[in-house]
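S.K.: mind looking at a prediction? Sequence and model below.
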Amino acid sequence: MSAIPSVRRRFEVRSLRRILVVYLMIACLLPLVFMFALTYSSIYSILSGKIQSGILSSLTQEADSLENTINNLDFASKQFALDGQIANEVSAFLEEPKIYAKSQIMDSINEKINLVNFTNPYLGLTAYILPGASDPILFSNLTMDSRFDSSALPRFIEYNGAAYYGPHRTLYTNSSNMVFSEQRIVHVNGDETVYIYLESNYDLFRKILGQQAYGMKVAHLLVNEQGGISFIEDVRLPDKVKGAIRPDDARTHFVAEGYHLFRYSSPQGWQLLAAVKKSDFDSEIRVWFYKMIALGLATLAFAGGLAFLIWKQVYRPLRKVNVEIVRMAENRTTPVSYTKVEEFDFVLSNFQEMKDKVNELILEVEDKEKQKGRFEIEKLLSQINPHFLHNTLNTVQWLARMNGQKEIDKLVTLLVKVLHYNLGKQSLIVTARDEIEAMRNYMELQRIRYDYEFEFHLNAEQEILDVAVPRFLLQPLVENAIYHGMSERKGRIEITIAASGTERALFQVEDNGAGLEAKDIERLLSEDDAESKRKGMGIGLSYVKRMLRRFYGSDMSFAIESEPGVGTKVSIVIPRRTIEELEE
């Protein structure tokens, strides 16, 4: 059964090292957690907004470049189709039967084509097409596949009276680059229908749809005028993502099937979209999140290391304090050895003071044990002496009676009664009747001693006789009145015991002696009156004041009134209480 409490205590004991580690980790991590919790939504919003803005900005720049490409093709095609000189030369070429003249017209047209291409570097392949002919290509600045068929090209938009295709592989036979192309009717004489066919620069489309501006992997999609997808940069893009793209959707940003899609709708009638995987989109946010985790782990490691260092700094002084405690049991007089750490040295200083006090107490106890025997002997003597005195006085009393010595018999009888009251074992609390009786015996004894040179008068009201008072209350006051209050004229002592209101009692002793000066009264009432005590005047009064304070506290009054040459009056007013009430 005793093993259970010990196991319980072992589990209840907490390690200071563990507490330090836990508290320091909490102190270090809690601000970080609060900061993370407070800033996560803001940081996520900021980073997400920054990424979205960056993607939309890059997408807008690409769309602007693509719009410029369409506009440049439109401008160049109008030069070739609407310029009267070139159109007239094409008409002349078609109508001229002579080969030499055709050759000269062809050279002139080719020269103009080369001039326009030179001044427009964004142009690539340029050709005049005559549909339905065995060789539909009339003029071309680059080698072109003779099997030209515009209906086989992916239709992009109809814009400003021309048809635009793409992106598709260039018809230039020596290249495989992706281009945008345009076909516009050229108005010539006769019934023939001639078209001008233009392609964008062979490298332009690759430069427009780049990845460098995004900083992440992006898949571009081009939506044509009819709402179909004309171009997909990443063929692995899920079909559900493609299906989520609707031409009537005006949102510039939306999320579908794990992809963020950003849209630019061109006034020319087409749309350019950029698809970014969520994992790529959140990469910067994820990097920030990992940095926060790394910071948390570093903080955790720092808190653990700091707790270990603090523990080492605390453990050595603690061990030293423990050594001092153990050493005290072996040798309590050896002075403590300090740690040079202020807080622990303060504890050790107090421990040294405790050791000194313990040593003093032990010496004091040893000294008291030595004196205990002597005190017991003195106690026995204090019990034997009054008993022996009573027996002796009783013997004297019987001898006086046997010899007819009535005065001596009376004197001894009064003395026995006074001694029995003063040295008796009865309670400290008596009734006013008992106190008056003892005071009468004492006064009669003193009158015999002073050969009846003074007289005393007692005025006691009957209702006060059962009031409880501390024993030996009146005698010190009467004694002072006899010893210090008697004058050369006939002495008189007035003792008054009367009611003071309905709940208090008055005890008053008045003499007609020489009286006291005001400074003497003040000295007698003071707490420490060494001069009066030396003369014997303050010992009795000091006893009376202590007894009154003990049993009544502040619920009593003690006053001395005196006038030189007239006399002194001492008054005590106390509450009326029974013996049981006063002893509680």
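M.R.: Thanks, I have it.
S.K.: only C-alpha atoms for contact and neighbour calcs from this point on.
M.R.: Will do.
S.K.: against G296, how distant is R18?
M.R.: R18 is 20 Å from G296, where distance means CA to CA, to the nearest Å.
S.K.: likewise V255?
M.R.: In this structure, V255 and G296 are separated by 32 Å, where distance is defined by CA to CA.
S.K.: those two: who's more crowded?
M.R.: Summary of the neighbour comparison: V255 and G296, criterion other CA atoms under 10 Å, with G296 having more neighbours (18 against 15).
S.K.: host element of the more buried one?
M.R.: Remark: G296 resides in helix 283-330, with elements defined by DSSP states H and E.
S.K.: list the helices and strands that helix packs on?
M.R.: Applying 3 or more CA pairs under 8 Å, 6 or more residues apart in numbering; DSSP states H and E, we find helix 283-330 packed against helix 16-82, helix 342-402.
S.K.: check those helices for me: which has the lowest mean pLDDT.
M.R.: Set side by side, the helices and strands packed on helix 283-330 differ in mean pLDDT, and helix 342-402 is lowest with a mean of 68.
S.K.: E95: neighbour count?
M.R.: Other residues near E95 number 12, with proximity taken as other CA under 10 Å.
S.K.: I'd like to know how far it sits from I129.
M.R.: Relative to I129, E95 is positioned 16 Å away (criterion: CA to CA).
S.K.: quickly list the domain ranges of the protein.
M.R.: Residue ranges of the domains in the chain are recorded as 49-281, 455-583, according to automatic domain parsing.
S.K.: distance to N322 added to those domains, as a markdown table?
M.R.: Shown next, in a markdown table, are these (distance: least, CA to CA, whole Å):
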| stretch | distance to N322 |
| --- | --- |
| domain 49-281 | 59 |
| domain 455-583 | 47 |
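S.K.: can you list the neighbours in contact with stretch 249-263?
M.R.: Contacts to stretch 249-263, defined as CA atoms under 8 Å, 6 or more residues apart in numbering, come from residues 55-56, 59, 240-241, 244, 264-265, 271-278, 281.
S.K.: how far off centre is it?
M.R.: Stretch 249-263 has its average C-alpha position 45 Å from the chain's average C-alpha position, going by CA atoms, centre = their mean, to the nearest Å.
S.K.: how about the strands in the stretch 401-550 of the chain?
M.R.: With DSSP state E, counting those that start in this stretch as the definition, the stretch 401-550 of the chain shows strands at residue ranges 429-431, 454-460, 468-470, 491-500, 504-511.
S.K.: Provide the strand pairings for the longest one, with the direction of each partner.
M.R.: What that stands for is strand 491-500. Partners of strand 491-500 in the sheet, by DSSP bridges, are strand 454-460 (parallel), strand 504-511 (antiparallel).
S.K.: repeat for the first one
M.R.: Taking DSSP bridges as the criterion, strand 429-431 sits next to strand 468-470 (antiparallel) in its sheet.
S.K.: tell me the mean pLDDT over the partner strand?
M.R.: Predicted confidence along strand 468-470 averages 89 (mean pLDDT).
S.K.: pLDDT (mean, whole number) over the helix holding G296?
M.R.: Mean pLDDT, computed over helix 283-330, is 76.
S.K.: same deal with stretch 87-96?
M.R.: Averaging the model's pLDDT scores along stretch 87-96 yields 76.
S.K.: who's in contact with that stretch?
M.R.: The contact list for stretch 87-96 (CA under 8 Å, 6+ apart) reads 80-81, 102, 105-106, 109, 186-190.
S.K.: narrow the residues you listed to those that are buried.
M.R.: Those of those that meet the buried threshold are 80-81, 102, 105-106, 109, 186-188, by 16 or more other CA atoms under 10 Å.
S.K.: in strands, which of those residues appear?
M.R.: When the buried ones among the contacts of stretch 87-96 are checked against strands (DSSP state E), the matches are V186.
S.K.: which strand or helix spans E581?
M.R.: Taking DSSP H and E as the criterion, the element that holds E581 is helix 579-583.
S.K.: can you list contacts of that helix?
M.R.: Contact partners of helix 579-583, identified using CA under 8 Å, 6+ apart, comprise 429-431, 467-469, 551.
S.K.: if we go to 10 Å?
M.R.: The list of residues contacting helix 579-583 from outside it, by CA atoms under 10 Å, 6 or more residues apart in numbering, reads 427-431, 466-470, 551-552, 575-577.
S.K.: and the average pLDDT for that helix is what?
M.R.: 83.
S.K.: which parts of that helix are buried?
M.R.: Neighbour-count burial for helix 579-583, counted by 16+ other CA under 10 Å, picks out 579, 582.
S.K.: for that helix, the distance to its chain's centre please.
M.R.: Relative to its chain's centre, helix 579-583 lies at 57 Å (CA atoms, centre = their mean).
S.K.: again with stretch 291-309
M.R.: Average the C-alpha atoms of stretch 291-309, do the same for its chain, and the two points are 20 Å apart (CA atoms, centre = their mean).
S.K.: buried sites along that stretch?
M.R.: The neighbour-count criterion (16+ other CA under 10 Å) identifies 296, 299-300, 303-304, 306-308 as the buried residues of stretch 291-309.
S.K.: pull the most distant pair out of the contacts of helix 579-583.
M.R.: S427 and P575 (19.2 Å; CA to CA).
S.K.: and these two? which has more neighbours close in?
M.R.: The neighbour comparison of S427 against P575 (other CA under 10 Å) goes to P575, with 21 against 10.
S.K.: quick one, what contacts the residue nearest the centre of the chain?
M.R.: Most central residue of the chain, judged by C-alpha distance to the mean C-alpha position with CA atoms, centre = their mean, is A27 at 9.5 Å. By CA under 10 Å, 6+ apart, the residues touching A27 are 21, 303.
S.K.: in JSON lines: the strands paired with strand 491-500, plus distance to F289 and mean neighbour count.
M.R.: Below are these laid out as JSON lines (distance: least, CA to CA, whole Å; neighbours: other CA atoms under 10 Å):
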{"stretch": "strand 454-460", "distance to F289": "100", "mean neighbour count": "14"}
{"stretch": "strand 504-511", "distance to F289": "87", "mean neighbour count": "22"}
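S.K.: list just the one of the ones you listed that sits closest to K519.
M.R.: Go through the strands paired with strand 491-500 one by one with CA to CA and the one that ends up closest to K519 is strand 504-511, at 19.0 Å.
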